[in-house]
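# Provided below for reference: sequence and predicted model.
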Amino acid sequence: MTVRVLLLTALALVQLGEVKADGNCTRVYPSGWHFLNPNSTEGRSGLLLAESGDRLYTLLPGRRNPYERICNSTSYKESRAENYFPEEKLQQFPCMFWEEGGFYYCQGGSCTSYAYLECNDKSEADWRLYHAALIYEDYDGEVVEGREGLLMVAFNDVNSGDVRSGTVCDDNFNWHAADLSCQYLGYEHAEGWGSEPQNFRYINESLLEEHNVQILVDEVDCGNNTSNITECEAQVMAGHDCSRSENLWLKCGYRNSTDFDWDLVFKGLIRVDDFSGDARIGREGLLTLAFQDKYNEDNHIAGSVCDDYFNNHAADLTCQYLGYRGAEDWGSDPKNFQYFPRDAFEQQGGQIVIDDVKCDEKDRNITECEMNILESNDCGLDESLWLKCYSEWELASLELHKVDNRTGRVVNGTEGVLVVSYSDHLSNYDAGAVCDRFSDFNERMANMACSFMGYGSAKAWGTKPYEYLPETWADRVKVLVNELYCSKADSNIRECEASLYSKGEDDCSMDYIVWLKCSSDDDDDDDGEEVENGLEVNFGGAKLTANLDKIRRKWFF
């Protein structure tokens, strides 16, 4: 928390005088709102509860609270929830307050009054689309508009003059809707569209949460007879079942004089596995692209990029386009086909597909650079580019966790489930277990992991960690690493390449979670030490979720 936020929070506590707290205040980003009615009836009136993560918060009443945003209406009524509920029930929820454009919660804080809100849904708003844009975060961290990016829309209520801006969900969206959206923005057609993970590469999810950007449009349904996006059916500020991972992105463009249009269907850095001989995709290798004819799915062209005019800025932009932080190194012959054999590349129809990539310092995305795509070129295959990119996430720590059978707490020691922690360049951290679905984790990796933690060699390793975690914990364990790969050149586990699950994509069963047992100077003393905050740090907030479920059972059932 910044000094400014701390000062604002302290000032708010003095001014409001209705929050009792011990200090240590943090900001809360609600993902949804609930109304708890004393008569157990459904509707949009009752004790106002904000959902954030695995917790529910009450709200301190106040005329500055953003009730219009919560109700999506200018018609509402605020009263005091203590007039409807016993004080002891209200005090079960942590209480937050609104100040300086945000919600805040103070550790150990409690409210002397609680907001009871009645939203009047009978007010007839007439929302009209009046602006749309594609936005992305440029190289300097500024949010700018362009011909591709996260789709943002703004609506105006012609009756009240109220304005709302937010994102669009991908439910029912199709190519016709994408073309109509691009035409509304002034382009001729859509070159590409989708949702996760590309949407978060344009605008980081944390930025959306910080500014409380909401999904405004869902279920966009454009029939073949529609000629304008405003003619399509859609749910506009009428509720949705979407998450931010379903936010739409678009890439718009202009048609050329050719009779076909190519879509980029694959981009990546490929290399041959040192051990298995299989092709792998990672953060270094031969830069490879594949295009598909938009109107003939059987027509494909795949190949490499020529190094003509390529420079360090182009390398950084390419790595960023692939989802990495920047370029560590790049080049062409002879290393290009050390990553992937030239004869295998030629046998699979590989050719030069992009030439003359020219990026100047004003370009903030590789798509803004000049280049010749699928045109004639004067390059030989020996000019094919290879890249080595900086990973977005770097290994921060390793630990071995198990559940103590005597206390039921998670402890850290010389054996247990391998838990990894990664950090990005903004000092954001994420932690979880390692999945080994294809039995790639080997003795060399196990020894490097034990050495990294300060132990000796690995005594044993494997999957199915039921000796360390109860099988009933299957839904509680968060898996972060989808695949771990160490080349022959890697001498430290930090140098190995990890494929991380995106938020909500974890599909690894507990049978494939890696456990490890390391040797130490005192193998008999392996009871471990308790992990801070019990289960909630490394196992997906299990302890907090259990408490929340208990509250929900007591209140809602």
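Sure, I can see it. Residues are numbered from 1 along each chain as shown.

# look up how far A458 lies from the closest residue to E471 other than its chain neighbours.
Once flanking residues are discounted, E471 sits nearest to M510: 7.0 Å by C-beta to C-beta, 6 or more residues apart in numbering. Where C-beta positions appear, they are placed from N, C-alpha and C, glycine not excepted. Using C-beta to C-beta, to the nearest Å, one gets 21 Å for the distance from M510 to A458.

# A279 now?
A279 sits 28 Å away from A458 when distances are taken as C-beta to C-beta.

# could you dump whichever strand or helix holds S181 to CSV, C-alpha only?
Of the helices and strands defined by DSSP states H and E, S181 is found in helix 175-184. Backbone C-alpha positions of helix 175-184 (Å, rounded to 0.1, in the frame of the first residue of the first chain) are rendered in CSV as follows:
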residue,chain,number,x,y,z
TRP,A,175,-16.9,-14.1,-36.7
HIS,A,176,-19.9,-12.2,-38.1
ALA,A,177,-20.1,-10.3,-34.8
ALA,A,178,-16.4,-9.7,-34.9
ASP,A,179,-16.6,-8.3,-38.4
LEU,A,180,-19.5,-6.0,-37.5
SER,A,181,-17.7,-4.8,-34.4
CYS,A,182,-14.6,-3.9,-36.4
GLN,A,183,-16.8,-2.1,-39.0
TYR,A,184,-18.4,-0.1,-36.2
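
# counting by contacts, list what that helix packs against.
For helix 175-184, the helices and strands in contact under the criterion 3 or more C-beta pairs under 8 Å, 6 or more residues apart in numbering; DSSP states H and E are strand 189-194, strand 249-253.

# and that helix, how far out from the chain middle?
Here the centre of helix 175-184 is set off from its chain's centre by 25 Å, with C-alpha atoms, centre = their mean, to the nearest Å.

# name the residues that touch it?
Under the criterion C-beta atoms under 8 Å, 6 or more residues apart in numbering, residues 132, 151, 188-190, 193, 220-222, 224, 226-230, 232, 250, 252-253 lie in contact with helix 175-184.

# quick check on those: which are buried?
Using 16 or more other C-beta atoms under 10 Å as the burial test, the contacts of helix 175-184 include A132, L151, H189, A190, W193, V220, C222, I229, C232, L250, C252, G253 as buried.

# just put the residues you listed in TSV and tack on distance to S499.
Conversion of those to TSV gives the following (distance: C-beta to C-beta, whole Å):
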residue	distance to S499
A132	34
L151	28
H189	33
A190	29
W193	25
V220	32
C222	36
I229	37
C232	37
L250	27
C252	31
G253	31
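
# which one of the residues you listed is nearest to S491?
Nearest to S491 among those, counting by C-beta to C-beta, is W193 at 43.1 Å.

# where along the stretch 51-200 of the chain do the strands fall?
Applying DSSP state E, counting those that start in this stretch to the stretch 51-200 of the chain gives strands spanning 55-59, 76-80, 95-99, 102-106, 110-111, 115-119, 127-137, 143-145, 148-157, 163-168, 189-194.

# so which of the ones you listed is nearest K464?
strand 55-59 (32.9 Å).

# residues in contact with the closest one?
Here strand 55-59 makes contact (C-beta under 8 Å, 6+ apart) with 28, 30, 34, 47-50, 65, 81, 90, 93-98, 103, 105, 111, 114-115, 544, 548, 551.

# is it true that F291 touches K267?
No - the pair F291 and K267 does not pass the contact test of C-beta atoms under 8 Å, sitting 10.0 Å apart.

# higher neighbour count, the two?
F291 (21 against 17; other C-beta atoms under 10 Å).

# contact partners for the more buried one?
Contacts of F291 were listed using C-beta under 8 Å, 6+ apart, and they are W262, D263, L264, V265, H300, I301, A302, V353, L374.

# in space, what's closest to it - neighbours in sequence excluded?
Nearest residue to F291 in three dimensions, chain neighbours excluded: W262, at 4.2 Å (C-beta to C-beta, 6+ apart).

# neighbours around that neighbour, how many?
Residue neighbour count, defined by other C-beta under 10 Å, stands at 19 for W262.

# now it, which residues is it bridged with?
Beta-bridge pairing of W262, defined through DSSP bridges, involves D293.

# and what of the one 10 residues further on?
Note on V272: beta-bridge partners A279, judged by DSSP bridges.

# wait, F103 sits on T26?
No - with contact taken as C-beta under 8 Å, F103 and T26 are classed as non-touching, separated by 9.9 Å.

# out of these two, which sits in the busier spot?
More neighbours surround F103 than the other of F103 and T26, with 21 against 13 (other C-beta under 10 Å).

# so how far is L60 from the more buried one?
With the distance defined as C-beta to C-beta, F103 ends up 10 Å from L60.

# equivalent analysis for Q347, please.
Distance of Q347 to L60, computed by C-beta to C-beta: 69 Å.

# likewise L484?
On the measure of C-beta to C-beta, L484 and L60 end up 47 Å apart.

# that older thread, can you tell me which of the strands of the stretch 51-200 of the chain the model trusts least?
Ranked by mean pLDDT, the strands of the stretch 51-200 of the chain end with strand 110-111 in last place, scoring a mean of 76.

# other SSEs contacting that one?
Taking 3+ C-beta pairs under 8 Å, 6+ apart as contact, the helices and strands that strand 110-111 lies on are strand 19-20, strand 95-99.

# all the helices of the stretch 401-550 of the chain, residue numbers only.
443-452, 542-556 (DSSP state H, counting those that start in this stretch).

# pick out the shakiest of those helices, pLDDT-wise.
Ranked by mean pLDDT, these bottom out at helix 542-556, which scores a mean of 31.

# tell me, what's the model's pLDDT at E100?
Reading off the model, E100 has pLDDT 75.

# ok, now how distant is it from A132?
29 Å.

# L90 now?
Here the distance between L90 and A132 works out to 42 Å (C-beta to C-beta).

# ok, now D475?
From D475 over to A132 the distance is 40 Å, taken as C-beta to C-beta.

# in this protein, what helix or strand scores lowest on average pLDDT?
Using mean pLDDT, DSSP states H and E, the weakest-scoring helix or strand in the chain turns out to be helix 542-556, at a mean of 31.

# contacting residues around the nearest residue to P30 once chain neighbours are set aside?
Across the structure, with C-beta to C-beta, 6+ apart as the measure, the residue nearest P30 apart from its sequence neighbours is A50 (3.9 Å). Contacts for A50 (C-beta under 8 Å, 6+ apart) come out as V28, P30, G32, W33, H34, L56, Y57, T58, L59, M96, F103.
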